Structure formats: C-alpha cells, structure tokens
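Visitor: A predicted structure for the sequence below; I have some questions about it.
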Amino acid sequence: MTDKILSISRRTRATPFTRRVEAAGVKGYTVYNHMLLPTFFESNEADYWSLCRDVQVWDVSCERQIEVTGPDSERLIQLMTPRDISKAVVGQGLYAPLCDETGGMINDPVLIKFAANHWWVSIADSDVRLWARGLALGFKLDVAIREAPIWPLAVQGPKAEILVTRVFGDEAPGIRFFRSKMLEFHGRAMMVMRSGYSKQGGFEIYLNDPELAEPLWGELFAQGKDLQVRPGGPNLIERIESSLLSYGNDMNYNNNPFECGLDAFIDLDAGIEAMSLPALRALKGKHVHQLMGLVFDQVVAIPDCAILDSGQVVGDVRSQVWSPRYGKYLALAMMRRDYLEHNQSVTVDGKIGTIVDLPFDFDAIR
C-alpha cells in the first residue's frame, strides 16, 4: 500500500497537545472519536521497544469523556452496561462493555465514578453520547450529558511511575490500578489514574485546563530525560501481544461480549436494570463465534482477512502483527465455534497457524 495523506480539518479535531506532538516528529495519525490520535513516531517496532523498556508520553485526548450528571446519572450508566456498577466508589474506574437491547456491543469504555451523581464514560471509538442522549430522553431521566472538556495524557512503560512521581509528587506511587487521586500541577488539581492502553504499566492524566497542556508535556519530557522518555501512542505490536481489544477493529455492533471473551465483565445474575441483560442471558452459551488468537511461525498474507477451510469461511482476522519479541506472527480472529470444536489450527497463505485462547500464553507457545 502506498503512503497516503490524512487531510486534517475541523472534523478531525486537534488537541491541546497537537503542537507538541508535531514538534516531536509524529509520522502517522489515525482518527478516533473525530479527533487526531498519533500512531507512531520513529517506527512501529522502534516505538514498541521504547514502550517496553523505558517510558512514553501519549496524547490520547481522543479518549473523550462523556460526562453524565444529575439525580438519574447512575441509573442511566447502569442501563447502558450489563456490569453491576452499584459498588463503585468515587475515583474508581471500571472496564465495562456497553450493550444495546440485543446484546450487541456499542462500546467498551472505562466508567469512572468522578463524584456522587457524576460519571465519566471514557469511550473507545463510537458515538456513545448520541446513544446516551437517546436513552435519557426515552426513559425520561433527570440527567445532563455532555462531552467534558478533558484531555487525557498517558504515561506508559516500566519507568512511568518514576516519571509521574517526579512531576506530581509522592502520592502517585500509592495509586492502585483503576483508582485515582486528584493531584496538583502548576496549582491546578487534576485526576491521575493508574491505567492505560498497554500492559507495561502507567498512568493517565486527565488534563482539565488546556492552557496547561504544553507545560505538562514539557515538564514530563524535562523530568524524563535520564529515563529515555519518548513520545508514543497505543502500539499495535504491544497491544496484540497483550491481547488488548480495539473496538471497531476486533469487535463492533455486531458482536456480543461472549464472543469477545468479556464474560467476566457481565453480571448476568445481578438484580440490576441493564437493558441488555435479557438478551445476554438468552445468548449465554449460544453465541456462534469466538475471538481467538492465531500464531504463525512466519509472516502470512491475509489480504481480505477471511479464513477459509474447504472453500468455507470459518473465521476472519480482526488484527494482525509480527512480534519481534517472540518471533511469531500474531492475529486476533473471530472464529466459528463449530469449527473450533474439531480444529486446533488453520491454514492461511499456505502456512499453518495454531489456534490459541486469549490472552496469548507465550510460555506455552513454542
């Protein structure tokens, strides 16, 4: 595929960090929630090793915060997800599928209880705000819904805690996973959560003052020079190795949580008012497809992403990449469950790949 230019306009919104991202030498963007998301700086593989060995700063402002406030805010959030949110505490994040009345997935955000009757839905790439407004209107709920003026910045990698501590102080190391604290930067308190779209460890800083974007970016890089801090973004190699799912790539409206292996985030037996629960209870154990891992010893060509057996489509590849760490070609594939009952491998491009459960168990992969 030849290089193509992404035309940037008001429909592909810049972020308060974009000027610094450009100055750092970004080489690629994608569009995510109608906003620019940097995809790589040096190269996909070089960025991967930087992330795994040191620390990176990511402009993930595209993780928009759909803010829901008002007396019925928790009821609306619960209607949207089959995960029981009743025990969430202020400052906690919950990974949760959002599902419609058929059980189809609308999004897979992190739900954040910011305060009593005040939630943030930190969304993946789909227009959740429109759906939420429709539900609020239909159920006549007393809520206000808006896109909050928040611009997340991620600090990811094994040295992330050192860097965040230098910038935000000694309270940062005490933050537990998917928990947060309000910490100060230049006199402004902002939420800092131990989270992020990698398995390398790190934090997300929920910037609430665009005037502080460039000072924050600059301070992180100034304090991280000896840590080999680099700019970066969600890395395809790392996220597939870590089996982190990407909404719109690995699953979409046509998939339900069971197909995606998200059973642990559904509370089928809870006495909660979730609009998807009746459908999901009926679907349990009856779903037709299952997201699986494929492992090849060499690069394979899957131009149309279809997986065929005797001329029949038995699955389709959703994401794929070469792993330089493990020397394997990895793919996430939505496979027919009836095929999985009798097959442990597939042949693609004349090469045999092993079908494995997710997450990938590299100790078991030879």
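Guide: Arrived safely, thanks for sending.

Visitor: Going by C-alpha atoms from here, please, whenever you check contacts or count neighbours.
Guide: Noted.

Visitor: Could you list the low-pLDDT ranges of the protein?
Guide: Screening the chain residue by residue with the criterion pLDDT under 70, one finds the ranges 1-3.

Visitor: Name the helix or strand for Leu280, please.
Guide: Per DSSP states H and E, Leu280 falls inside helix 277-283.

Visitor: Please enumerate the helices of the stretch 51-200 of the chain.
Guide: Per DSSP state H, counting those that start in this stretch, the stretch 51-200 of the chain carries helices over the ranges 73-80, 128-138, 160-168.

Visitor: where's the longest one relative to the chain centroid, distance-wise?
Guide: Per C-alpha atoms, centre = their mean, to the nearest Å, the displacement of helix 128-138 from the mean C-alpha position of its chain is 22 Å.

Visitor: From the contact counts, what lies against it?
Guide: Applying 3 or more C-alpha pairs under 8 Å, 6 or more residues apart in numbering; DSSP states H and E, we find helix 128-138 packed against helix 73-80, strand 144-147.

Visitor: circling back to that earlier point, closest one to Leu280 among the helices of the stretch 51-200 of the chain?
Guide: helix 73-80 (12.9 Å; C-alpha to C-alpha).

Visitor: okay, the angle between the closest one and helix 128-138?
Guide: With axes from the mean of the first three to the mean of the last three C-alpha atoms, to 10 degrees defining the directions, helix 73-80 sits at 110 degrees from helix 128-138.

Visitor: related to what we said a few turns ago, out of the helices and strands packed on helix 128-138, nearest to Glu204?
Guide: strand 144-147 (18.0 Å).

Visitor: Any buried residues in the closest one, and which?
Guide: For strand 144-147, the neighbour count (16 or more other C-alpha atoms under 10 Å) marks Ile145 as buried.

Visitor: That strand: partners in the sheet, and parallel or antiparallel?
Guide: Partner strands for strand 144-147, per DSSP bridges, with pairing direction: strand 65-69 (antiparallel).

Visitor: sorry, back to before: report the backbone C-alpha coordinates of the helix holding Leu280 in CSV.
Guide: The C-alpha trace of helix 277-283 is given here as CSV (Å, rounded to 0.1, in the frame of the first residue of the first chain):
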residue,chain,number,x,y,z
LEU,A,277,-29.3,-8.4,30.3
PRO,A,278,-32.4,-10.2,29.0
ALA,A,279,-30.8,-10.7,25.6
LEU,A,280,-27.4,-11.6,27.1
ARG,A,281,-29.0,-14.2,29.4
ALA,A,282,-30.6,-15.8,26.3
LEU,A,283,-27.3,-15.7,24.4
